[in-house]
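A.B. asks: Curious how this folds, go ahead:
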Amino acid sequence: MNRPRSLCLAIAIFAASILPAALWGDPPSRVGRLNLIEGSVSFRPAGTEEWAPATLNYPLGTGDQLWTEAGTRAEAHIGQAAVRLAPETDFSVLFLDDLTVRLQLSQGSLHIRLRSLQPDERFEVDTPDASVFLLQPGSYRIDVQETTDMLVRSGEAELAVEASSVRVLPNQYAMVADAASGSFQLRVAPAADQWEQWCLARDRREDRYASSRHVPHTVVGYEDLDEHGSWLVLPEYGEVWRPHVVRAGWAPYRFGRWAWVQPWGWTWIDEAPWGFAPFHYGRWTCRSGTWFWIPGAIGLRPVYAPALVVFLGGAGWGVSFSLGEGVGWFPLGPREIYIPPYRVSRGYIRNINTTYVKNVDLDRHDVRKERYVNRSVAGAVTVVSRQDFERAQPVSRSAVRLGQADIDKAPVKGMGPSLAPQRESTPGLDAGRPVPRPPEPMPNRRVFTPRSDGRRSETGRQVEPQRQGTIGAPSEAPYRKQSASPPSRALPAPDREGRTKAAAEEQRRAAVEVQRRAAVEQQGQAAAEEQRRAEQQRSRGPMVQPDTGRRGKQPQKNAPVRKKRKLILGPNGWEWVWIEEEDTGGN
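C.D. replies: Alright, predicted model coming up:
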């Protein structure tokens, strides 16, 4: 290689190592997970208009949509939140990355338990006529029928429309009374109904999880490990997890299916109720025929992976066992480096391995020449035909067991197969039966569309000047929304005057506090005046003329009448009124 070409190559490698991840189009480090399905739940993956039956453990990301039929409930974990869907709920993930969770509720009810919210994170729920911003960890409910209403059991939220917004505090209920004028109704939250009681019971169940002491809360799917396995310590790896019950012939990545999920590509969908965290984070090791999952270091933030496996295959290898072209794989072992098969930056590769590998040396790593420990474990390799793989067929029904000699002949293909997705690569799209889907939006319903400046305006109508709501001390500057396609690393959005979100919120808090103190002071003055007059009346005693030893002026029959102001409690609060009383000539 000549000197100029080698110099250009060196510069390119150096630039690739320092360029921001966003320029390389790195996928987000976190996803959502559909972890509970009770009844008929429909799913529309991003980038398609087709609906399919929802699949347990399916990863949720930007553009995915769910619909629950009558009598159906569902639960998903997205970021640091548990999101529960009531019957007849139309729910979408508008945007999800490392800093932003933006959901959409078009119809029905959501219950959200937000366990953590970092200062630079944003959690938003959009409805047809409003936006809800969750400002603190807590328990929230949002309903969309004719309009948007919400309640806060704990935490703090902001309910915003185009004209204004209102803060909703613990044990408060808020409803959009008129989105056009920016008015709200605010009152004490009602008691929990049957569906919300079920949600709160699910919250209490998660509060008791011991797995949170062994893995970070950012590991999606840890909440199901306690019920289905146990924790123990292996001296060379530290804390590990072992499933309680598995099928005969079980091995990691055998009982489930492969699906094509953007932007990662081929993704493992396990069928076990606990089958998410152990297949998208960590590594597997086998001891005396028993498999153990190694979660990795707890102090580091893990990065989601579609599947942590090594693929085997090739046309020549497939013919040897009469399947045509075969596809095989086995789980990555301890301290083995994962090289994503999708386009990412070098920084992303380091981040996705740092939790499990101390020294990530990419310059000396060659996937095809590595000696993988689990390749030689009896029963660790799973093989299916290419057709079954591409059509998202259940692996356990079509898997072929091979001898170790055949496995040793198979060439390593890398961390992903070189197979193009088919229509059937999304589970359920080839079901051949109609799938329930949400009703079309009502034609007379108010619809808002995002503007280029991040504000929401009603379609076909000029944005009105900003005004305050009528109830609940609304903010003088509502929280401004992001555009429809926010950047992958969202920054705190400044409001109209260029103030940061934190400064605007502080000013709104001060305004609310001033109004609250003024109201309290006015009520206190009115009560004090009423008490003073009552004490004065009691001190006068019976209405008789006292005998002072001298004659006072006697009342006259036709004495003049004088008017006097008095503070009374009326239907609209304390108010001054004029009353008439006879002038007896006294003071």
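A.B. asks: From here on, just use CA atoms for contacts and neighbour counts.
C.D. replies: Fine.
A.B. asks: mind checking the SS state of the closest residue in space to Ala76 that isn't next to it in sequence?
C.D. replies: What sits nearest to Ala76 in space, not counting adjacent residues and going by CA to CA, 6 or more residues apart in numbering, is Leu34, at 4.4 Å. Classification of Leu34 using DSSP: H, G, I helix; E, B strand; the rest coil returns strand.
A.B. asks: Over to Arg397?
C.D. replies: helix.
A.B. asks: Could you check the pLDDT of it?
C.D. replies: Note on Arg397: pLDDT of 91.
A.B. asks: And it, how far from Gly256?
C.D. replies: 10 Å (CA to CA, to the nearest Å).
A.B. asks: And these two? Which one has more around it.
C.D. replies: Gly256 (20 against 12; other CA atoms under 10 Å).
A.B. asks: how near is the more buried one to Val245?
C.D. replies: Counting by CA to CA - Gly256 and Val245 are separated by 16 Å.
A.B. asks: Check for me that Arg153 belongs to a helix.
C.D. replies: No. Arg153 is assigned strand when assessed by three-state DSSP, not a helix.
A.B. asks: which ones are touching it?
C.D. replies: Arg153 makes contact with Gly138, Ser139, Tyr140, Pro170, Asn171, Gln172, Ala189, according to CA atoms under 8 Å, 6 or more residues apart in numbering.
A.B. asks: so which of those residues comes closest to Ser425?
C.D. replies: Ser425 has its nearest neighbour among those in Tyr140, at 35.9 Å by CA to CA.
A.B. asks: doesn't Met150 make contact with that closest one?
C.D. replies: Yes. Contact criterion CA atoms under 8 Å: Tyr140 and Met150 qualify, at 7.4 Å.
A.B. asks: Which residues does stretch 40-53 contact?
C.D. replies: With CA under 8 Å, 6+ apart, stretch 40-53 has contacts from 54, 61-69, 72-74, 262, 427-429, 431, 435-437.
A.B. asks: Those, buried ones only, as a ChimeraX selection?
C.D. replies: Paste this into ChimeraX to select the buried members of those, with burial taken from 16 or more other CA atoms under 10 Å:
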select :54,61,62,63,64,65,66,67,68,69,72,73,74,262,427,428,429,435,436,437
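A.B. asks: neighbours around Leu151, how many?
C.D. replies: Neighbours of Leu151 using other CA under 10 Å come to 26.
A.B. asks: change the start of the numbering to 6 and stick with it
C.D. replies: Shifting the count to begin at 6 puts that one at Leu156.
A.B. asks: Next, give phi and psi for the nearest residue to it once chain neighbours are set aside.
C.D. replies: The shortest distance from Leu156 to any residue other than its chain neighbours is 4.2 Å, reached at Tyr178 (CA to CA, 6+ apart). Dihedral angles of Tyr178 (phi, psi; degrees, to the nearest 10) stand at phi -120, psi 130.
A.B. asks: now swap in Ala410 and tell me
C.D. replies: phi -60, psi -40.
A.B. asks: repeat for Arg218
C.D. replies: Phi and psi for Arg218, reported as degrees, to the nearest 10, are phi -90, psi -10.
A.B. asks: now it: how far from Pro443?
C.D. replies: 40 Å.
A.B. asks: more crowded one of those two?
C.D. replies: Higher neighbour count among Arg218 and Pro443: Pro443, with 16 against 9, using other CA under 10 Å.
A.B. asks: Is that one part of a helix or strand, or is it coil?
C.D. replies: coil.
A.B. asks: ok, now how distant is it from Glu93?
C.D. replies: For Pro443 relative to Glu93 (CA to CA), the value is 8 Å.
A.B. asks: Now do the shared contacts for these two.
C.D. replies: Trp72.
A.B. asks: Only the buried residues of the strand ranked longest in the chain, if you could.
C.D. replies: Criterion DSSP state E: the longest strand present in the chain is strand 105-119. In terms of neighbour count (16+ other CA under 10 Å), strand 105-119 has its buried residues at 105-119.
A.B. asks: Domain ranges for this structure, per the record?
C.D. replies: What automatic domain parsing lists as the domains of the chain is 36-211, 215-420.
A.B. asks: Would you point to the one among those that's packed deepest?
C.D. replies: domain 36-211 (a mean of 20; mean count of other CA atoms under 10 Å).
A.B. asks: For Arg373, give me phi and psi.
C.D. replies: The phi/psi pair for Arg373 (degrees, to the nearest 10) is phi -80, psi -10.
A.B. asks: And it, how close does it get to Val417?
C.D. replies: 5 Å.
A.B. asks: where exactly do the helices run in the stretch 106-255 of the chain?
C.D. replies: Using DSSP state H, counting those that start in this stretch, the helices of the stretch 106-255 of the chain run over residues 199-212, 230-233.
A.B. asks: Can you redo those helices as JSON lines, where the extra columns are distance to Trp334 and mean pLDDT?
C.D. replies: Shown next, in JSON lines, are the helices of the stretch 106-255 of the chain (distance: least, CA to CA, whole Å; pLDDT from 0 to 100):
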{"stretch": "helix 199-212", "distance to Trp334": "34", "mean pLDDT": "94"}
{"stretch": "helix 230-233", "distance to Trp334": "24", "mean pLDDT": "92"}
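A.B. asks: Take these and lay them out in CSV including distance to Phe281.
C.D. replies: CSV is the format used below for those (distance: least, CA to CA, whole Å):
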stretch, distance to Phe281
helix 199-212, 16
helix 230-233, 10
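A.B. asks: Out of the ones you listed, which gets nearest to Ala185?
C.D. replies: Comparing the helices of the stretch 106-255 of the chain by CA to CA, helix 199-212 comes nearest, at 30.0 Å.
A.B. asks: can you give me the angle that closest one makes with strand 105-119?
C.D. replies: Orientation of helix 199-212 against strand 105-119 (axes from the mean of the first three to the mean of the last three CA atoms, to 10 degrees) gives an angle of 90 degrees.
A.B. asks: Give me the phi and psi angles of Val378.
C.D. replies: Torsion angles, degrees, to the nearest 10, at Val378: phi -70, psi -40.
A.B. asks: wouldn't it be in contact with Arg340 here?
C.D. replies: No. At 10.1 Å, Val378 does not count as touching Arg340 under the criterion of CA under 8 Å.
A.B. asks: Check what pLDDT the closest residue to Val245 other than its chain neighbours gets.
C.D. replies: Excluding its sequence neighbours, the residue lying closest to Val245 (CA to CA, 6+ apart) is Ile299, at 4.9 Å. Looking at Ile299, its pLDDT reads 95.
A.B. asks: Next: Glu395.
C.D. replies: Reported pLDDT for Glu395: 91.
A.B. asks: so it touches Arg428, yeah?
C.D. replies: No. Counting by CA under 8 Å, Glu395 does not reach Arg428; the two are 9.0 Å apart.
A.B. asks: What is the nearest of the buried residues of strand 105-119 to His233?
C.D. replies: Nearest member of the buried residues of strand 105-119 to His233, counting by CA to CA, is Arg118, at 22.8 Å.
A.B. asks: distance of the closest one from Asn358?
C.D. replies: Taken as CA to CA, the span from Arg118 to Asn358 is 30 Å.
A.B. asks: and if you look at Ser350?
C.D. replies: 13 Å.
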